[in-house]
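> This is a predicted model, with the sequence first.
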Amino acid sequence: MISKTKRNFCITLVSALSLAVVAQNIDISSNRANISTPVANAQGISLSGAGASFPAPLYQRWFSEYNKQNPDTQISYQSVGSGAGVNQYLEGTVDFGASDAPLSDEERQTFEQTYGQPPIQVPMVAGSVVFAYNLPGVENLELPRDVYCGIVNGDISSWNDPAITEANPTASLPDTPISWIHRSDGSGTTFLFTNHIAAACPNWQGGADKTVEWPTGIGAKGNEGISAQVLQTEGGIGYVEYAYATENGISAAAIENQSGNIIAPSPEAASLVFEGETIPEDFALTVPDPANPEAYPIAGLTWLLLYPEYDDPNKAEAIQGMIDWALNSGDEYAEQLGYISLPTDVEQRVVQTVQQEVVANQ
């Protein structure tokens, strides 16, 4: 049975991508650093991954549950941010990378120059980015676009600013400075967030990328770091993946979408971001400012970054098995944590892509 969240996440697929695998006699083992050396443990095979903090709670849960059912496979994951994860993937020091930003043209070119083949990026789940805040006694905070744009730009610097009080007439807002907290590391969450800010905020000059120049605020590393900083800072507000706010008991603001509606964050409202969107052949779908009037406006996919060839056939097989299990048996864990499972047809396409394109080096 498909859950309500999964039903709402309707993506119109492009015409079927040909998945024929063309045999290539390319020796790229010298470029793969640790990838070329099997890392065995007493039980079997070990996989190492690194990257985005956005999906880290889910990945760690998935890998733990998968190991319980497949004790011969150990999977470690380091939540180091999408920027560092992409770099480690390009350098070949991990078995897989993870990013909330699709690979850029420059990153794809670097990979192809190094490995002689295109990279493989596949989505695993979707999630939303929320404004997490620390204002004791203030619940159900609402932030219209001019307000959250002003906070991010530094134009609104106090919690009792007239623009905030007008939008929240029943709230007792303190005369407390706003402490804007943003990522200090290369971050796919920053990519998702600033893609929306660039589309929604006319005065934003920082661009949209994994790293941007912030006009105000203080930096923290990872979704974990922003969550901790918000919890420690009365008057603090920052952007984190939805699961980090809910798991840490941090309040998250309802915000205005493109249609002018104030929408509280939830997996159901975030899933509407993708309704009617077309997913491209490389899975690199982004929706900076969704048109759906009921959608929570900041949400995106998160991808695993895989190699087309592995020198250890056990690693290729283990990666195939892990992804097949996550997308066929792991939806319940995704939804428990507040992520958005992919539609069944997209999950099937991802599994088929991995089965046919991730192979052992011949």
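Nice, thanks for sending it over. Numbers count the residues shown, from 1 in each chain.
> in the stretch 1-150 of the chain, which spans are strands?
Taking DSSP state E, counting those that start in this stretch as the criterion, the stretch 1-150 of the chain carries its strands at 11-13, 45-51, 73-79, 96-99, 120-133, 142-143.
> Would you mark the buried spots in the longest helix anywhere in the chain?
Identified as the longest helix of the chain according to DSSP state H is helix 313-329. For helix 313-329, the neighbour count (16 or more other CB atoms under 10 Å) marks 314-327 as buried. Bear in mind the C-beta positions are built from the backbone N, C-alpha and C, glycine included.
> Same question for stretch 68-85.
Residues of stretch 68-85 classed as buried by neighbour count (16+ other CB under 10 Å): 70, 73-75, 77-85.
> what's the most distant pair in these?
N70 and G83 (30.6 Å; CB to CB).
> Which pLDDT value goes with D27?
We have a pLDDT of 29 for D27.
> same question, D146
98.
> likewise T5?
In this model, T5 carries a pLDDT of 45.
> related to what we said a few turns ago, a markdown table for the buried residues of stretch 68-85, including pLDDT and distance to I263?
Listed next are the buried residues of stretch 68-85 as a markdown table, based on pLDDT from 0 to 100; distance: CB to CB, whole Å:
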| residue | pLDDT | distance to I263 |
| --- | --- | --- |
| N70 | 96 | 39 |
| T73 | 97 | 40 |
| Q74 | 97 | 41 |
| I75 | 98 | 35 |
| Y77 | 98 | 31 |
| Q78 | 98 | 33 |
| S79 | 97 | 28 |
| V80 | 98 | 31 |
| G81 | 97 | 27 |
| S82 | 97 | 25 |
| G83 | 97 | 29 |
| A84 | 97 | 32 |
| G85 | 98 | 30 |
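> List just the nearest of those residues to G276.
In terms of CB to CB, no member of the buried residues of stretch 68-85 lies closer to G276 than S82, at 26.6 Å.
> so who does the nearest residue to that closest one once chain neighbours are set aside touch?
Nearest residue to S82 in three dimensions, chain neighbours excluded: G188, at 3.2 Å (CB to CB, 6 or more residues apart in numbering). By CB atoms under 8 Å, 6 or more residues apart in numbering, G188 lies in contact with G51, A52, F54, G81, S82, G83, S99, D100, A101, K210, T302.
> Counting neighbours, which of those residues comes out on top?
For the contacts of G188, neighbours were counted using other CB atoms under 10 Å, and F54 has the most, 36 neighbours in all.
> quick one, what contacts that one?
S82, D100, G127, G188, T189, L192, N223, E241, T302.
> could you redo the last one with a cut-off of 7 Å?
With contact taken as CB atoms under 7 Å, 6 or more residues apart in numbering, F54 is in contact with D100, G127, G188, T189, N223, E241, T302.
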